[in-house]
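*Asks:* mind looking at a prediction? Sequence and model below.
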Amino acid sequence: MMPAHTPKDAALKISKVLNEFGRSPLHGTELADPRSLKPRPEIVLAMALDALIKARPISHELTQKTIKVLIEAGYHDINVLSETTWEDRTMVLQDGGYNRYREQGATNLGELAKLVVERYDGDLNNLLKLADGKPHKARILLKEIRGMGDLAVEVFFNNVQSIWPSFAPSIDSRSLKTADEIGIGTDVDEIYNALEQDPMRMSWFANGLSEVRLERRQDVIEEL
């Protein structure tokens, strides 16, 4: 049984995760610069694309490559995405190495474009308004997106809290398990306080925990 963590120990580990493994939302794409992370329609749509891709059980490398290719193709622009054909989307996903799920993925992206245009007037920020800024209401609305299950919603929350502050603090369930394993614990509010209640830092930290898990670097944090 892991010994109980002390607030001081947890704070040191939180700092190490943030500084050594923390990642910007949309890391690895041209949109990752914190200066560009504003609640613009294309940024929110990019985060939805990111969540849909990352929720599938494929390698970390392939998800990163696929997201990068989707952004390079301009699919985070609802006008561009809306004008694509199923064949277009299939080829772009294939270019990203997203072969196992490319046909279903192409269908889901088409349905996403249709929903965003018809229900949210081309801007997923309108989902935030419809949800009254409340995560539990947004979760219900997000799950109307084809392919957006519980895990995808959690991944979306990890990132979108950086531009929708009312969604902070958010940490996906897989990363919260990692936080517990390395001695930080599972009190999300306590973690948020340690990060000075900064939504952007919370997003970087949540993504950092994902990196720790995916790179199997738990031992680096545990030994502090």
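*Replies:* Great, that's in hand. Because the structure is predicted, anything quoted here is derived from the model rather than measured. Numbering: from 1, shown residues only.

*Asks:* I'd like to know how many residues surround A32.
*Replies:* Here the number of neighbours of A32 (other Cβ atoms under 10 Å) works out to 16. For the C-beta atoms, the positions are set from N, CA and C on the backbone; glycine is no exception.

*Asks:* tell me which residues touch it, please.
*Replies:* Counting by Cβ atoms under 8 Å, 6 or more residues apart in numbering, A32 makes contact with S24, P25, L26.

*Asks:* what kind of secondary structure is it in?
*Replies:* coil (DSSP: H, G, I helix; E, B strand; the rest coil).

*Asks:* related to what we said a few turns ago, now render the contacts of A32 as TSV, adding secondary structure, neighbour count and pLDDT.
*Replies:* Below are the contacts of A32 laid out as TSV (DSSP: H, G, I helix; E, B strand; the rest coil; neighbours: other Cβ atoms under 10 Å; pLDDT from 0 to 100):
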residue	secondary structure	neighbour count	pLDDT
S24	coil	19	94
P25	coil	25	95
L26	coil	24	95
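
*Asks:* need the residues that contact stretch 119-129.
*Replies:* With Cβ under 8 Å, 6+ apart as the test, stretch 119-129 has contacts from 39, 41, 44-45, 48, 78-79, 116, 130, 138, 141-142, 164, 166.

*Asks:* quick one: terminal-to-terminal distance for that stretch?
*Replies:* Stretch 119-129 stretches 12 Å from its first residue to its last (Cα to Cα, to the nearest Å).

*Asks:* how about the lengthiest helix in the chain: buried residues?
*Replies:* Within the chain, and with DSSP state H defining each element, the longest helix by residue count is helix 102-120. Residues of helix 102-120 classed as buried under the neighbour-count rule (16 or more other Cβ atoms under 10 Å) are R102, G105, A106, N108, L109, G110, L112, A113, L115, V116, Y120.

*Asks:* gap between the second one and P199?
*Replies:* This means G105. 29 Å (Cβ to Cβ, to the nearest Å).

*Asks:* run through the protein and note the low-pLDDT ranges.
*Replies:* For the chain, applying pLDDT under 70 flags the ranges 1-6, 222-224.

*Asks:* domain map for it?
*Replies:* Domain segmentation of the chain under automatic domain parsing yields 1-23+167-224, 38-161.

*Asks:* can you redo those domains as TSV with distance to A32?
*Replies:* Written out in TSV, the entries for the domains of the chain read as follows (distance: least, Cβ to Cβ, whole Å):
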stretch	distance to A32
domain 1-23+167-224	8
domain 38-161	10
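
*Asks:* of those, which approaches E30 most closely?
*Replies:* domain 38-161 (6.2 Å; Cβ to Cβ).

*Asks:* test my guess that P34 contacts D198.
*Replies:* No - P34 lies out of contact with D198 (Cβ atoms under 8 Å); the separation is 11.8 Å.

*Asks:* who has more neighbours, these two?
*Replies:* D198 (15 against 12).

*Asks:* who touches the one helix or strand D50 maps to?
*Replies:* Assigned by DSSP states H and E, D50 belongs to helix 41-54. For helix 41-54, the surrounding residues in contact (Cβ under 8 Å, 6+ apart) are 25-26, 29, 31, 36-37, 63, 66-67, 70-71, 75-78, 81, 98, 105, 108-109, 112, 116, 122-125, 142, 145, 147-148, 152-153, 155-156, 159-160, 163.

*Asks:* with only the CA atoms kept, save that helix in PDB.
*Replies:* Extracted in PDB, the C-alpha atoms of helix 41-54 (Å, rounded to 0.1, in the frame of the first residue of the first chain):
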ATOM      1  CA  PRO A  41     -14.200  28.800 -33.200                       C
ATOM      2  CA  GLU A  42     -11.300  27.100 -34.900                       C
ATOM      3  CA  ILE A  43      -9.500  26.400 -31.600                       C
ATOM      4  CA  VAL A  44     -12.500  24.800 -29.900                       C
ATOM      5  CA  LEU A  45     -13.200  22.700 -33.000                       C
ATOM      6  CA  ALA A  46      -9.500  21.600 -33.100                       C
ATOM      7  CA  MET A  47      -9.900  20.500 -29.400                       C
ATOM      8  CA  ALA A  48     -13.000  18.500 -30.400                       C
ATOM      9  CA  LEU A  49     -11.000  16.800 -33.200                       C
ATOM     10  CA  ASP A  50      -8.200  16.100 -30.800                       C
ATOM     11  CA  ALA A  51     -10.500  14.400 -28.300                       C
ATOM     12  CA  LEU A  52     -12.200  12.300 -31.000                       C
ATOM     13  CA  ILE A  53      -8.800  11.000 -32.200                       C
ATOM     14  CA  LYS A  54      -7.200  10.500 -28.800                       C
END
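
*Asks:* good, wrapping up.
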